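>>> could you work out the structure for the sequence below:
(chains A and B)
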Number of protein chains: 2
Amino acid sequence: MKKTSTRLADGRELIYYDSRDDAVRSAEDLRPLPHTETLSELRHDPVLDEWVVVAAHRQGRTYHPPADECPLCPSRDGRLSEIPESDYEVVVFENRFPSLAAHPHPEEVRAAPPNAIRPAAGRCEVVCFTSDHDASFADLSPRRVGTVLEAWTDRTAELSTLPDVEQVFCFENRGVEIGVTLEHPHGQIYAYPFVTPRTERMIATAVAHRAGTGRNLFEDQLEAERRDGERIVVAGEHWTAFVPFAAHWPYEVHVYPHRRVGDLLALDDAEREEFTHLYLDLLQRFDLLFTPHEAVDAVNSTPHRTPYIAAWHQAPVRRGPGGVEGAEELALHMELFTIRRTVGKLKFLAGSESGMDVFINDVAPEHAARRLREVKA
Amino acid sequence: MKKTSTRLADGRELIYYDSRDDAVRSAEDLRPLPHTETLSELRHDPVLDEWVVVAAHRQGRTYHPPADECPLCPSRDGRLSEIPESDYEVVVFENRFPSLAAHPHPEEVRAAPPNAIRPAAGRCEVVCFTSDHDASFADLSPRRVGTVLEAWTDRTAELSTLPDVEQVFCFENRGVEIGVTLEHPHGQIYAYPFVTPRTERMIATAVAHRAGTGRNLFEDQLEAERRDGERIVVAGEHWTAFVPFAAHWPYEVHVYPHRRVGDLLALDDAEREEFTHLYLDLLQRFDLLFTPHEAVDAVNSTPHRTPYIAAWHQAPVRRGPGGVEGAEELALHMELFTIRRTVGKLKFLAGSESGMDVFINDVAPEHAARRLREVKA
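Predicted coordinates for the structure are as follows:
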């Protein structure tokens, strides 16, 4: 694997990740790109005790450009994009319209207690999985998934060293149904300047579980699912993917390595290798969920593309003595879920979910797991 | 105000709320309606420590019926609906496809620790605001809003007496964009058999605030907003509506009575009276947010309808000694927000929100408040 770091015309970092050690990435960004200021701020919600990112400058961001103006395609045929090279494997760069930035300049806002405000430090990056505009993650080769995994791992390592960063979050939003504004296959990385509310909650329950049982919560959950088996979708030697017992979304799969680790950096070669195959298998099953049978059987048909969110849960950056209490309890895993509940129908977060955080799931987890097992059988 | 309780053909309760004391509501439900079983269950998510409602039987619920088959219109012209009378003011009835029910019969599912399961007890009700299919809440008369408020209050009182109910939640989802499957103007009431995660969190922060300051968190927040003034949208003698400092949604307004109370039952007549006018004003502003100027100026034009969620936050049922610790800290208020961020664009909950509970808000709260003030000036 070769990593080549470079700068775009406005000073943002861009990094190529290549599977070949002899890859040469020397093209320069020739665009007359103005330096953009990030006017983001973190506001503290005193009632929910959580930070909200207010990023008012982002309303003007690129929104569903025509395919021939895609900023994530390589620069070719006289058209200049965000990626200077005429081709690439995997590329990561700082978002031009970031919610979080190294040196944000917040607008001046009065904040009297119990309110509080601070600059939205951190970093937002875009990860392009392939130069092929029309592909999707599920179309990648296992080798390419390996390179993406290397990129996620490297970014986690690098971003963890930034002064303000407390947690690194690698994720993919896929599908217009989920609000994706660029079709080109890509994911994102948020380096947050705080431990996120979700992770805080997971750590708190894991700490309580440890106090009550002496054991790790995530290991107990994985063991219970492996013993029961009814909700397992795919399993290998090193990983198991299952629909959790109390799934919040119609089709939701959690993917855990059998060996508990805190982050992507700790995965060994065998775990990495198996993940590439297992994850592709899983994504292909997702795409078959809502594909009509005729389409699956037809020659050369492409399956429908299921909208999904894929989220890597990693432990906070500061662990151990002096770090976030209980951070070492958190187990690296991926949560993959779709907002589609059946053909043509989406699961909306309405009053109960958005108002009270109570999810209503119309699909029994055992049914979801069975469907996901059968769909590719 | 007159209240008439009756039963539908399958045994569900239906209650008419009339502003006239001499209203007669004696029509019977003549439909051959089979008794439906509720196969709901509560599953405990051990990692997030919260209950999820699994209601697999609801996939078959009524979904965007044609207007002439609307189950919420009165029964007229030989067509029988959920409401036996040929007209009504406000009517409340038990949902035919409830997520929570008095005697649910869960399917048999194995639950090994750390997982847990129990029947989804509780109750789900539908509140019809008017018999006019094409109206919306913002079109109601102040007097009718008063009747709706009476209905919400009465339901809170009644449902609080049910054996399993821990919290009563009155809310309205409006707009297909939010997943509303019936156009007829209506809201819902969920009587949960647990204190919801959102309310638990609010109580926890309020308890911590009390410990640190000796004061009530909600009173301090309201006072800070009233003193600052920049985010106030409308204010009366008894209520203030403001965009919170750390708003999560593009346009989000919280409506608080100046006198802190725990639930709707504690509101006095003057507070009720003022609320009806202030809330209508607010909803009308919401509908003007994304209406093009031409449409507003045109004669007889109807404003665009903004999708929204309106959520009443009330303290848990069990307060005081032996009840939920700190429950008396929670202040009754309404949270009203739209998922629309600008004309033609919605705010989606993608990776950061759905994966990590970190909201990115593209609209500055001060801007949102200014817009809401100006739109009806």
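>>> using PDB, list the CA coordinates for the helix or strand hosting residue A:212.
In the assignment (DSSP states H and E), residue A:212 maps to helix A:197-213. C-alpha atoms of helix A:197-213 as PDB (Å, rounded to 0.1, in the frame of the first residue of the first chain):
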ATOM      1  CA  PRO A 197     -23.600  11.300  22.800                       C
ATOM      2  CA  ARG A 198     -24.200   7.800  21.400                       C
ATOM      3  CA  THR A 199     -20.700   6.600  22.300                       C
ATOM      4  CA  GLU A 200     -21.000   8.200  25.800                       C
ATOM      5  CA  ARG A 201     -24.200   6.200  26.300                       C
ATOM      6  CA  MET A 202     -22.700   3.000  25.100                       C
ATOM      7  CA  ILE A 203     -19.700   3.400  27.500                       C
ATOM      8  CA  ALA A 204     -22.000   4.200  30.400                       C
ATOM      9  CA  THR A 205     -24.000   1.000  29.900                       C
ATOM     10  CA  ALA A 206     -20.900  -1.000  29.400                       C
ATOM     11  CA  VAL A 207     -19.400   0.400  32.600                       C
ATOM     12  CA  ALA A 208     -22.600  -0.400  34.500                       C
ATOM     13  CA  HIS A 209     -22.600  -4.000  33.000                       C
ATOM     14  CA  ARG A 210     -18.900  -4.400  34.100                       C
ATOM     15  CA  ALA A 211     -19.800  -3.300  37.600                       C
ATOM     16  CA  GLY A 212     -22.800  -5.700  37.700                       C
ATOM     17  CA  THR A 213     -21.300  -8.800  36.100                       C
END
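>>> what's the following helix or strand after that helix?
Next element after helix A:197-213 (DSSP H and E): helix A:217-228.
>>> give me the buried positions along that next one.
Using 16 or more other CB atoms under 10 Å in any protein chain shown as the test for burial, helix A:217-228 gives A:217-222, A:224-225, A:228. All C-beta spots, glycine's among them, are computed from the backbone N, C-alpha and C.
>>> count of residues packed around the residue in the stretch 251-377 of chain A that chain B sits nearest to?
Nearest residue of the stretch 251-377 of chain A to chain B: residue A:348, at 2.8 Å (CB to the nearest CB). Residue A:348 sits with 21 neighbouring residues when counted by other CB atoms under 10 Å in any protein chain shown.
>>> stretch A:194-202 vs chain B: in contact?
Yes - shown here: stretch A:194-202 in contact with chain B (CB under 8 Å from any CB of the partner chain) through A:196-199, A:201-202.
>>> may I ask which of the residues you listed has the most neighbours?
Within these, neighbour counts (other CB under 10 Å) peak at residue A:199, which reaches 25 neighbours.
>>> show me the contacts for it.
Neighbour list for residue A:199: A:167, A:313, A:315-316, A:330, B:356 [criterion: CB atoms under 8 Å, 6 or more residues apart in numbering or on different chains].
>>> quick check: residue A:311 touching residue A:169?
Yes - using CB atoms under 8 Å, residue A:311 is in contact with residue A:169, at 7.2 Å.
>>> so what sits against both of these two?
B:351, B:355-356.
>>> any chance of those in JSON lines, plus pLDDT?
As requested, these are arranged in JSON lines below (pLDDT from 0 to 100):
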{"residue": "B:351", "pLDDT": "93"}
{"residue": "B:355", "pLDDT": "96"}
{"residue": "B:356", "pLDDT": "97"}
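>>> restrict these to those near chain A?
B:351, B:355-356.
>>> secondary structure and neighbour count for the residues you listed - can I get that in TSV?
Below are those laid out as TSV (DSSP: H, G, I helix; E, B strand; the rest coil; neighbours: other CB atoms under 10 Å in any protein chain shown):
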residue	secondary structure	neighbour count
B:351	helix	25
B:355	helix	24
B:356	helix	21
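>>> and stretch A:31-49, anywhere near chain B?
Yes - against chain B, stretch A:31-49 shows contacts by CB under 8 Å from any CB at A:43-49.
>>> ok, residue A:70 - contacts?
A:81, A:133, A:182-184.
>>> ramachandran angles for the residue nearest in space to the middle of chain A?
A centroid search over chain A (CA atoms, centre = their mean) returns residue A:171, at 0.5 Å, as the residue closest to the centre. Taking degrees, to the nearest 10, you get phi -150, psi 160 for the backbone angles of residue A:171.
>>> chain neighbours aside, what residue packs nearest to it?
residue B:351 (3.8 Å; CB to CB, 6 or more residues apart in numbering or on different chains).
>>> now, the contacts of residue A:199 that are in strands?
Counting by DSSP state E, the part of those found in strands is A:167, A:313.
>>> would JSON lines of the contacts of residue A:199 with distance to residue B:279 be doable?
Listed next are the contacts of residue A:199 as JSON lines, based on distance: CB to CB, whole Å:
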{"residue": "A:167", "distance to residue B:279": "39"}
{"residue": "A:313", "distance to residue B:279": "40"}
{"residue": "A:315", "distance to residue B:279": "45"}
{"residue": "A:316", "distance to residue B:279": "42"}
{"residue": "A:330", "distance to residue B:279": "43"}
{"residue": "B:356", "distance to residue B:279": "33"}
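>>> out of the contacts of residue A:199, who's the most crowded?
Going by other CB under 10 Å, residue A:167 tops those with 28 neighbours.
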